[in-house]
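> Need a 3D model of the following:
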Amino acid sequence: MNRHLRTVHALMVSCLLALILLLTLQTVWLTPPANSGYVAPLLLILVLPLLVPLRGLLHGRRYTAAWTSLLAVVYFAHGVASASDPGLARWLASAEIAFSLGLFTGCLLYVRMHARQQRQTST
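Numbering: from 1, shown residues only. This next block holds a predicted model:
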């Protein structure tokens with residue numbers, strides 16, 4: 001793996017991990033729901049889909065990166081919808097938007113650069 005591909009891979013994985021950490025902290029500690037019985041279902045809905053592609057992205061699988069870019073769009077939309085909330089929730093939504101954009105960009109660049117590298121090594 002060349003230097004640029006490693007950098008994009010690091011961007012993709014770090015944005016995914018940052019999104020997992022942000023949503024976990026937001027749900028459990030920073031802005032928990034009013035009813036504490038909603039914490040576990042919210043964690044399942046928000047964080048579990050991000051844990052599914054984690055192993056594939058850590059191993060650098062191109063197909064996993066391709067469909068994870070579609071998953072990043074869902075979190076971008078969630079961040080945009082939450083951005084109108086007042087106070088701390090607005091800042092957390094802005095961070096979610098930034099991390100989801102970083103994940104989306106990293107996934108797209110990784111798929112493109114990995115395919116280009118595969119073509120170059122096969123010829």
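> Can you pull up the most central residue in this protein?
Nearest to the geometric centre of the chain sits L16, at 3.5 Å (CA atoms, centre = their mean).
> following the helix or strand hosting that residue, which helix or strand comes up?
If you go by DSSP states H and E, L16 is part of helix 3-25. Using DSSP H and E, the helix or strand that directly follows helix 3-25 along the chain is helix 39-46.
> What helices and strands are in contact with the longest helix anywhere in the chain?
In the chain, ranked by residue count with DSSP state H as the criterion, the top helix is helix 88-122. Applying 3 or more CB pairs under 8 Å, 6 or more residues apart in numbering; DSSP states H and E, we find helix 88-122 packed against helix 3-25, helix 62-82. The C-beta positions use only the backbone N, C-alpha and C, and glycine is treated the same way.
> Can you lay out the ones you listed as JSON lines showing distance to N35 and mean pLDDT?
Output for the helices and strands packed on helix 88-122, formatted as JSON lines (distance: least, CB to CB, whole Å; pLDDT from 0 to 100):
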{"stretch": "helix 3-25", "distance to N35": "18", "mean pLDDT": "98"}
{"stretch": "helix 62-82", "distance to N35": "18", "mean pLDDT": "98"}
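> Any chance of CSV for the ones you listed, columns distance to R112?
Conversion of the helices and strands packed on helix 88-122 to CSV gives the following (distance: least, CB to CB, whole Å):
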stretch, distance to R112
helix 3-25, 9
helix 62-82, 10
